[in-house]
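Asks: after the sequence you'll find the predicted model.
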Amino acid sequence: LQATDQIINCNLVDNLVTLVQDYSQLENGLEQELAQKKANSAARTSMLGGPAQSQQQQSSHPEIESFGKILLNFAYQQKQLAATCLFYLTYHTQAKVDEVAAIIDLIQKLTNGTMGKDGLPMMDPFMDVPSVFEGQKQPTQQS
């Protein structure tokens, strides 16, 4: 009971929800920045007239692009870790009403694409859901 009181008093669930949202926004910003840099380098390559000159320019600052990819990977891993902690924390303890509402809003934002991505595809009830008859065992005849 004491551990649950500390979770409630320190607002751990709210902090984890905020952390997942912050890392999602960081991911979106980094993805856009990396895509923009890639588009700019492709445009620069076509303007300079060939891949030989563009390779020399890219070799002058490859660490900036790789750092962006490393930071993007780190943000993704930390978001996954925070979401996993949030799942286990709320699964094994009781959450307050506002915490449950914040988790539901977070799930909606992450799955419906309001955090800058397209979100999950809509499921087709005929194609994506298995038939109830496929999962049932066939009756065996006993003699």
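Replies: Sure thing, it's come through. All of these numbers come straight from a predicted model, not from anything done at the bench.
Asks: every contact and neighbour count from this point should use C-alpha atoms.
Replies: Noted.
Asks: okay, now the unreliable bits of the protein?
Replies: Low-confidence segments of the chain (pLDDT under 70): 1-8, 45-65, 113-123, 130-132, 134-143.
Asks: any idea which helix is longest in it?
Replies: Counting residues, the longest helix found in the chain (DSSP state H) is helix 12-48.
Asks: in that one, which residues are buried?
Replies: 13-14, 16-21, 23-24, 26-28, 30, 34, 41, 44-45 (16 or more other C-alpha atoms under 10 Å).
Asks: secondary structure class for Asp124?
Replies: Put simply, Asp124 is coil when judged by DSSP: H, G, I helix; E, B strand; the rest coil.
Asks: same check, this time on Met127
Replies: Going by three-state DSSP: Met127 is coil.
Asks: and what of Leu86?
Replies: helix.
Asks: quick check, it in contact with Val13.
Replies: Yes. Judged on C-alpha atoms under 8 Å, Leu86 makes contact with Val13 at a distance of 6.6 Å.
Asks: which strands and helices lie in contact with the host helix or strand of Ala83?
Replies: If you go by DSSP states H and E, Ala83 is part of helix 62-92. Contacts defined by 3 or more C-alpha pairs under 8 Å, 6 or more residues apart in numbering; DSSP states H and E place helix 62-92 against helix 12-48.
Asks: buried set for the helix holding Ala83?
Replies: So for helix 62-92, counting by 16+ other C-alpha under 10 Å, buried means 72, 75-76, 78-79, 82-83, 86, 89.
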